[in-house]
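In: Got a sequence here, can you build the structure:
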Amino acid sequence: MNTNDQNRTFIGTLILFAAVMIAVALVHLGEVLTPVAGDLSWNPFTLGVELATGSVDWPASATWLVAAEAVAALVGVMVWGSRTPSRTQEAARRMSPPGRITPAMGPARSAEAHRLHPDAEGIGPGLTIGLVGKDPVYQGWRECSAHVWGTGRGKTTSQVIRHAAESPGAFLMTSNKVDGVAEVIAARTGAGATVWLFDPQRIWRDSTRPAMVFDLLSTVTDTVSAGEVAAIFETASAAGAAGGKGDPQFDSQGRDYLSWCLLAAAKGGRSLAEVLGWVSAADFLEPAQALARAGHTGPAAALQGMGRQPEDTRGSVAASAQRMASALVHDELLAWTTPTPGVPVFDPHRFVTSTDTLILLTQDAAGSGAAFVSTLVFAVVIAAQHTARRAGGRLPVPLVAELDEVGNVVKLKQLPEWYSYFGSMGIVVSAYFQTRGQGVDMLQRTGWDTLWSAAAVKVYGGGSDDAEFLESLRKLIGQYEAKVRSTSTSRGVASRSVQTQQRDIMPVSTLSELPAGHAWVKTSTGGATIVATVRWFEDKTLTARITPVLERITEGHRS
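Out: The predicted model follows:
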């Protein structure tokens, strides 16, 4: 038994003894108020036996007095029990030396925010992760975060929706379900800015008419961006999304073929439908000619070389490109990239300097739109990088990107690399995974390890039974020195000894059973703690802001 357990046992024994003696005194007081025959003993055991056997009468007044004491004792036990630190509270106290978490709290974060973004009006201290006591712990405006939250742990209600309300500039959200969409729209409506919704699968709005148009080919500006967009489509394709492999012998050429077709279409004023037509027909000549006319002689020569390969090889290269471009088969997706009268066109460069909101919805399936959503995220962050560089290296107002359900929705292999420098540019990204395995499936083991390591803020919201992940957290959290007292008797002589043992601050079992409404947080300062997460409807300020417009939005969102 450790020292804390011994102290609690000792205190509990004292309380019990005091309660018994007070009860005896109250029986005697009752006897004064309503006298009975015979003398009442002051010995608790003797008095109990006498009352039980009827050798003395029970004073009538004692009933109310003892009942009142019992109620008071019950209340006292409840209060004392609530103040008795739980395993989680004890762990939080042991995680970091005093002051290590302070740089992630209000005063320090506010000073940092005004130093980094002096011209951003009304900027807050950061994005709230949770509370230590009554004090919030924040993700700062120069930090990206990685989250692991089990299903139903409240990541959307306590994090994403709150962060939408706290974002001072442009806000981007991804998801594969309807949860949180209305609340985010309500939280952002007060700013009076545009809410852009990309929802080709009608997850939120039941309409075949696009709510916005995004010119995907506008993202393809040179050979590098063409390759990156082609890689996004490859990752989001059926084989890539499942972590499988196509044909390693031809995938590289197939990706290049798709890249040069995308570049040819972008430079030649063609459409995505024509890109699909080229790769479906194994047409190397027409895109090569378009590239040559646009002055891209290198890619043009590469396509011509592909076209001169043996027929079987050309067919295999085209088959690889066709698989990567599979999302282009779906007309309902292409409709969201095709100019349509009366439908607004989304401009990533204008978006990143606005207070607009971009909500990207799709579901994880072949051709589901993950390629389009991922390319939209890519276009936004590339635009944000360009804007930050023109502004001296940092966005004047931070861009907040909440990648909810990132493992199902966003197929970006670049994400771990971005985490190493996006924070310094004012691009504040939060990636939410349901499990570590989901992150490994999306990014491979090396990519996941890189992202988790590079994240300035790490959050575990509970609900995981992944022993390997929890074991890594256990080691990261560390150990503490526990003093263990023991008593031994030799030849009638008792002796006591105190030993020091190294114990885990949070064993795997404790991490697995992290109470609902709590999350483990590690900050860039090295401080770590357990915070209480607060869902938006438990926050009076957020409730007052969101609730009045929520019903109106819910009623009209399918129009």
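In: from here on, contacts and neighbour counts on C-alpha atoms
Out: Fine.
In: Quick check: next helix or strand after the helix or strand containing L291?
Out: L291 is located in helix 285-293, with elements delineated by DSSP states H and E. Heading C-terminal from helix 285-293, the first helix or strand you meet, by DSSP H and E, is helix 297-307.
In: Name the residues of that next one that are buried.
Out: For helix 297-307, burial by neighbour count (16 or more other CA atoms under 10 Å) applies to 299-300, 302-304, 306-307.
In: Report the angle between it and helix 285-293.
Out: Helix 297-307 runs at 160 degrees relative to helix 285-293, counting by axes from the mean of the first three to the mean of the last three CA atoms, to 10 degrees.
In: got the contact list for helix 297-307?
Out: Residues from elsewhere that reach helix 297-307, judged by CA atoms under 8 Å, 6 or more residues apart in numbering: 223, 257, 260, 283-285, 287-289, 291-292, 314.
In: From these, pick the one nearest T487.
Out: Taking CA to CA as the measure, T487 sits nearest to T223 out of the contacts of helix 297-307, at 75.7 Å.
In: I figured the closest one was touching A264, is that so?
Out: No - between T223 and A264 no contact is recorded; they are 10.1 Å apart, counting by CA atoms under 8 Å.
In: between those two, which one's more packed in?
Out: Each of T223 and A264 has its neighbours counted (other CA atoms under 10 Å); A264 has more, 30 against 16.
In: Where does the more buried one fall, secondary structure wise?
Out: Here A264 is assigned to helix 248-268, by DSSP H and E.
In: Report all helices and strands that that helix contacts.
Out: Under the contact criterion of 3 or more CA pairs under 8 Å, 6 or more residues apart in numbering; DSSP states H and E, helix 248-268 touches helix 223-236, helix 272-280, helix 285-293, helix 297-307, helix 311-324.
In: got the angle for it vs helix 297-307?
Out: Using the same axes, to 10 degrees: helix 248-268 against helix 297-307 is 130 degrees.
In: Other residues contacting helix 248-268?
Out: With CA under 8 Å, 6+ apart, helix 248-268 has contacts from 217-218, 220-223, 226-227, 229-231, 234, 270-272, 274-275, 278-279, 287-288, 290-291, 294, 299-300, 303, 316-321, 324-325.
In: go on, stretch 96-105?
Out: 108-109, 135-140, 523, 525-529.
In: repeat that for 6 Å
Out: Residues outside stretch 96-105 that contact it (CA atoms under 6 Å, 6 or more residues apart in numbering) are 137-138, 527-528.
In: Looking at these, which is nearest M212?
Out: The closest of the contacts of stretch 96-105 to M212 turns out to be Y138 (CA to CA; 33.3 Å).
In: Can you give me every residue that contacts that closest one?
Out: 104-105, 126-129.
In: So what does the closest residue to it other than its chain neighbours look like in phi/psi?
Out: Take Y138 and drop its neighbours on the chain: the residue closest to it by CA to CA, 6 or more residues apart in numbering is T128, 4.6 Å away. With angles defined as degrees, to the nearest 10, T128 sits at phi -70, psi 130.
In: What are the buried residues along stretch 483-491?
Out: Per 16+ other CA under 10 Å, stretch 483-491 contains these buried residues: K483.
In: Can I get it as PDB, trimmed to CA atoms?
Out: Output of stretch 483-491 as PDB, limited to C-alpha atoms (Å, rounded to 0.1, in the frame of the first residue of the first chain):
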ATOM      1  CA  LYS A 483       7.300   5.500  -1.300                       C
ATOM      2  CA  VAL A 484       6.000   2.100  -0.100                       C
ATOM      3  CA  ARG A 485       5.900   1.500   3.700                       C
ATOM      4  CA  SER A 486       6.000  -2.000   5.100                       C
ATOM      5  CA  THR A 487       5.900  -3.500   8.600                       C
ATOM      6  CA  SER A 488       7.500  -6.700   9.700                       C
ATOM      7  CA  THR A 489       7.700  -8.500  13.000                       C
ATOM      8  CA  SER A 490      10.700 -10.600  14.200                       C
ATOM      9  CA  ARG A 491      10.800 -12.200  17.700                       C
END
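In: heads up, I number from 30, so please use that
Out: That works, and once the first residue is 30, the last one we named lands at stretch 512-520.
In: Run through who's touching that stretch.
Out: Contact with stretch 512-520 is made by 31, 523-529, as judged by CA under 6 Å, 6+ apart.
In: okay, among the residues you listed, which ones form the most distant pair?
Out: A523 and T529 (20.3 Å).
In: Of the two, which one has the most company?
Out: Higher neighbour count among A523 and T529: T529, with 12 against 9, using other CA under 10 Å.
In: Using just helix, strand and coil, how would you label the more buried one?
Out: strand (DSSP: H, G, I helix; E, B strand; the rest coil).
In: Using CSV, write out every CA atom in stretch 476-486.
Out: In CSV, the C-alpha atoms belonging to stretch 476-486 read as follows (Å, rounded to 0.1, in the frame of the first residue of the first chain):
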residue,chain,number,x,y,z
GLY,A,476,4.6,8.7,-42.1
TRP,A,477,2.5,8.2,-38.9
ASP,A,478,5.6,8.2,-36.7
THR,A,479,6.8,11.4,-38.4
LEU,A,480,3.4,13.2,-38.0
TRP,A,481,3.0,12.2,-34.4
SER,A,482,6.5,13.2,-33.6
ALA,A,483,6.2,16.5,-35.4
ALA,A,484,2.9,17.5,-33.9
ALA,A,485,3.5,20.3,-31.4
VAL,A,486,0.4,19.3,-29.5
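In: and the residue nearest to Y167, how many residues sit next to it?
Out: With other CA under 10 Å as criterion, T157 counts 23.
In: mind checking pLDDT for it?
Out: Here, the pLDDT recorded for T157 equals 97.
In: Checking K487 next. Helix, strand or coil?
Out: strand.
In: Which strand residues bridge it?
Out: Listed by DSSP bridges, the beta-bridge partners for K487 are A175, K551.
In: Compute the distance between it and R465, please.
Out: Here K487 is placed at a distance of 12 Å from R465 (CA to CA, to the nearest Å).
In: same thing with G476?
Out: Taking CA to CA, one finds G476 at 12 Å from R465.
In: ok, now S524?
Out: 49 Å.
In: again, but for L499
Out: Distance from L499 to R465, by CA to CA: 10 Å.
In: next one: T157
Out: 23 Å.
In: E119: neighbouring residues, count only.
Out: Number of residues near E119 (other CA under 10 Å) recorded here: 15.
In: ok so, going back, how about the helices and strands packed on helix 277-297 in CSV, adding distance to T416?
Out: CSV is the format used below for these (distance: least, CA to CA, whole Å):
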stretch, distance to T416
helix 252-265, 17
helix 301-309, 27
helix 314-322, 28
helix 326-336, 28
helix 340-353, 31
